[in-house]
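**Q** structure, please.
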Amino acid sequence: MSDIATIANTAVAIIAVVVMIVRFKLNPVISLVVGSAYLGLVVGLGPEKTIEAITSGFGEIMAEVGLLIAFGVLMGAMLQQTGAIQRLVATLLRVFGPKRMPYAMSLTIATLLQSIFLDVLLVISAPLARTLSKEIGKNGTGRMATAMAIGLECGIVLTVPGVGALALAGLLGVPLGKMLLFGVLLVIPTVAIAVAIMSFLFNHGWWDEARDEQEFLGADPETGGHVDETASDTTAPESDVTPTGGTPGSLVDTKTVVTVARAQTPLIVLFAPMLAALALIAMGALLDAADIQNPIVKFVSSPVIALLIGLIGTSFVGRYTLGAEPIQHAIATGFKESGQILILTGVGGSLAATIKATGLGDILGEYFTANTAAPLLMVWLIAAVLHVAVGSVTISAITSAGILAPVAPLIGLDPVLIALAAGAGSLFAVHVTSNTFWLLQSLLGQTTRGTLKSVTVGVSVASVVAILLILPMSALL
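**A** You can find the predicted model right below:
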């Protein structure tokens with residue numbers, strides 16, 4: 001099949017998946033598998049290789065993030081049950097206020113938390129974002145989903161030690177200190193401006209709660225996901241507490257005792273296991289960047305083991321705080337949540353693997369050259385097109401940067417600018433081939449239509465803002 005036909009059929013497959021989900025309300029899992037099967041057959045992979053691509057893509061993404069998603073969701077469910085999420089929400093709201101919360105969360109994720117594996121950070125922070133969305137009020141879900149998407153994706157390719165930023169710096173020979181400095185200088189205004197633009201759009205009628213949101217399956221049936229006001233108190237009301245704990249079956253015996261336990265356990269203790277897990281992951285990333293090898297540290301700092309340690313620690317803290325039964329209920333809820341998330345993530349990997357098997361990345365790479373009067377715009381465009389087609393932020397960034405890297409010294413272009421432009425372009429149009437897209441849809445209770453607005457459009461706005469800020473930077477280097 002010709003290159004043009006391969007490109008056209010890939011576009012048809014991606015558009016068909018979106019139309020099946022948005023227009024015909026077909027289940028996303030079914031739509032993604034149908035799109036993958038169509039693409040594999042029409043481009044000539046044949047039945048066997050098409051099935052192999054679909055199944056191997058599912059398996060590969062599960063091998064990479066399956067346990068991470070499960071552990072992260074379970075940890076988040078237990079933190080929700082202990083009241084830690086609700087109390088942290090109350091604290092953040094007091095410090096920043098509802099209107100500034102999307103900015104605070106997005107900037108924190110993009111600048112301070114990028115040593116954390118993206119999917120780990122997403123599943124851990126999603127319960128917080130979901131609860132905050134209720135407190136923000138109108139368009140809260142859309143604003144928090146956009147804030148999370150922009151912070152996560154920008155940080156991973158623009159901020160050291162995000163894996164994309166580390167890969168770009170290594171490919172182009174950019175010192176990590178320089179990559180860190182220019183990345184932070186770029187990511188802060190990019191995130192703030194993009195979140196502001198999306199908030200403006202949502203507040204002027206672009207977000208439709210009836211059509212863009214759906215009931216979250218793991219919501220607390222008693223609170224509906226809202227903040228438990230009593231959980232944020234430092235002490236329980238005197239009228240609710242008895243010296244002996246009350247009689248069996250009384251109100252004080254159940255609800256009040258749990259409330260007191262939540263309030264008396266310091267917030268830092270509830271979050272300590274999770275923070276320890278994230279610190280281990282961060283330590284591993286930094287040691288890798290410094291090329292320091294230690295087998296023991298490498299083992300405990302791997303995301304799976306670090307999160308397992310955090311999960312076990314959170315379970316012990318939760319049992320100490322509330323007892324075994326509420327924690328077992330939280331674990332059951334977490335398993336229920338993680339099931340649909342894992343399936344959606346896996347079939348997203350199936351479509352991405354099928355696209356990769358068509359050789360589309362190599363085809364597009366051959367169509368672009370670096371002979372242009374605007375090399376930074378060209379590397380941004382290459383990364384954007386590759387990301388739309390392939391669905392991987394890191395792969396599209398590295399591929400586009402690699403195309404221009406050999407001629408950068410000849411035209412006097414600082415490699416750090418190429419790295420940032422490639423990273424910015426790779427953010428364009430995060431869509432149905434991205435597991436991040438489906439995670440944000442499931443974890444924040446959005447419809448696919450809503451996720452296209454908050455994630456696809458939101459991160460694309462950040463991509464455009466970033467390249468518009470990079471071009472003036474080039475005049476200073």
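
**Q** so where is the stretch 301-450 of the chain shaky, pLDDT-wise?
**A** Low-confidence segments of the stretch 301-450 of the chain (pLDDT under 70): 337, 341, 345, 361-362, 364-374, 390-392, 394-395, 402-412.

**Q** the helix or strand containing residue 56: what's the following helix or strand?
**A** Assigned by DSSP states H and E, residue 56 belongs to helix 46-82. Using DSSP H and E, the helix or strand that directly follows helix 46-82 along the chain is helix 84-96.

**Q** packing partners of that next one?
**A** In terms of contacts (3 or more C-beta pairs under 8 Å, 6 or more residues apart in numbering; DSSP states H and E), helix 84-96 is packed against helix 46-82, helix 101-112, helix 118-136, helix 267-289. For every residue, glycine as well, the C-beta is placed using N, CA and C.

**Q** helices or strands up against the helix or strand residue 170 falls within?
**A** Remark: residue 170 resides in helix 163-172, with elements defined by DSSP H and E. Under the contact criterion of 3+ C-beta pairs under 8 Å, 6+ apart, helix 163-172 touches helix 140-158, helix 176-201, helix 267-289, helix 393-404, helix 415-425.

**Q** using PDB, write out every CA atom in the next helix or strand after the shortest one.
**A** Stepping forward along the backbone from helix 415-425, the first helix or strand reached (DSSP H and E) is helix 435-443. These are the backbone C-alpha positions of helix 435-443, laid out as PDB (Å, rounded to 0.1, in the frame of the first residue of the first chain):
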ATOM      1  CA  ASN A 435      -3.900   5.900  27.700                       C
ATOM      2  CA  THR A 436      -3.700   9.300  29.600                       C
ATOM      3  CA  PHE A 437      -6.800  10.300  27.700                       C
ATOM      4  CA  TRP A 438      -8.800   7.300  28.900                       C
ATOM      5  CA  LEU A 439      -7.400   7.500  32.400                       C
ATOM      6  CA  LEU A 440      -8.600  11.100  32.700                       C
ATOM      7  CA  GLN A 441     -12.000  10.200  31.300                       C
ATOM      8  CA  SER A 442     -12.500   7.300  33.800                       C
ATOM      9  CA  LEU A 443     -10.900   8.800  36.900                       C
END
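
**Q** what's the neighbour count on residue 304?
**A** As a burial measure, residue 304 scores 16 neighbours (other C-beta atoms under 10 Å).

**Q** which residues touch it?
**A** Counting by C-beta atoms under 8 Å, 6 or more residues apart in numbering, residue 304 touches 67-68, 71.

**Q** with respect to residue 472, which of the residues you listed is nearest?
**A** Top of the list for closeness to residue 472, among the contacts of residue 304 and by C-beta to C-beta, is residue 68 at 38.3 Å.

**Q** and the closest one, how far from residue 103?
**A** Computed as C-beta to C-beta, to the nearest Å, the residue 68 to residue 103 distance reads 27 Å.

**Q** possible to save the helices and strands packed on helix 163-172 as TSV with mean neighbour count?
**A** Output for these, formatted as TSV (neighbours: other C-beta atoms under 10 Å):
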stretch	mean neighbour count
helix 140-158	30
helix 176-201	19
helix 267-289	18
helix 393-404	25
helix 415-425	29
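
**Q** what's the closest of these to residue 31?
**A** When those are compared by C-beta to C-beta, helix 140-158 sits nearest residue 31, at 20.5 Å.

**Q** thought residue 34 was touching residue 24?
**A** No. Residue 34 is beyond contact range of residue 24, at 11.1 Å (criterion: C-beta atoms under 8 Å).

**Q** these two - which one has more neighbours?
**A** Between residue 34 and residue 24, counting by other C-beta under 10 Å, residue 34 is the more crowded of the two (16 against 8).

**Q** what sits against that one?
**A** Residue 34 makes contact with 16-17, 20 under the criterion C-beta under 8 Å, 6+ apart.

**Q** and the angle from the helix or strand harbouring it to helix 46-82?
**A** Here residue 34 sits within helix 28-42, counting by DSSP H and E. For helix 28-42 against helix 46-82, the angle by axes from the mean of the first three to the mean of the last three C-alpha atoms, to 10 degrees is 160 degrees.

**Q** state the distance from the residue nearest the centre of the chain to residue 152.
**A** With distances taken as C-alpha atoms, centre = their mean, residue 122 lies nearest the centre of the chain, 4.3 Å away. As defined by C-beta to C-beta, residue 122 lies at a distance of 6 Å from residue 152.

**Q** hey, what's in contact with both of these two?
**A** Counting by C-beta under 8 Å, 6+ apart, the contacts common to residue 122 and residue 152 are residue 436.

**Q** quick revisit: so between residue 68 and residue 103, which is more surrounded?
**A** Neighbour comparison, residue 68 and residue 103: the larger count goes to residue 68, with 21 against 18 (by other C-beta under 10 Å).

**Q** just to revisit the earlier point, for residue 360, find the nearest of the helices and strands packed on helix 84-96.
**A** Between the helices and strands packed on helix 84-96, helix 46-82 lies closest to residue 360; by C-beta to C-beta that is 12.4 Å.

**Q** from the contact counts, what lies against the closest one?
**A** If you count contacts as 3+ C-beta pairs under 8 Å, 6+ apart, helix 46-82 packs onto helix 28-42, helix 84-96, helix 118-136, helix 267-289, helix 303-322, helix 324-357, helix 435-443.

**Q** looking at these, which is buried most?
**A** helix 435-443 (a mean of 26; mean count of other C-beta atoms under 10 Å).

**Q** and it, what other elements does it pack with?
**A** Against helix 435-443 (3+ C-beta pairs under 8 Å, 6+ apart) you get helix 46-82, helix 118-136, helix 140-158, helix 324-357, helix 448-451.

**Q** can you redo these as JSON lines with distance to residue 270?
**A** Shown next, in JSON lines, are these (distance: least, C-beta to C-beta, whole Å):
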{"stretch": "helix 46-82", "distance to residue 270": "5"}
{"stretch": "helix 118-136", "distance to residue 270": "13"}
{"stretch": "helix 140-158", "distance to residue 270": "22"}
{"stretch": "helix 324-357", "distance to residue 270": "12"}
{"stretch": "helix 448-451", "distance to residue 270": "30"}
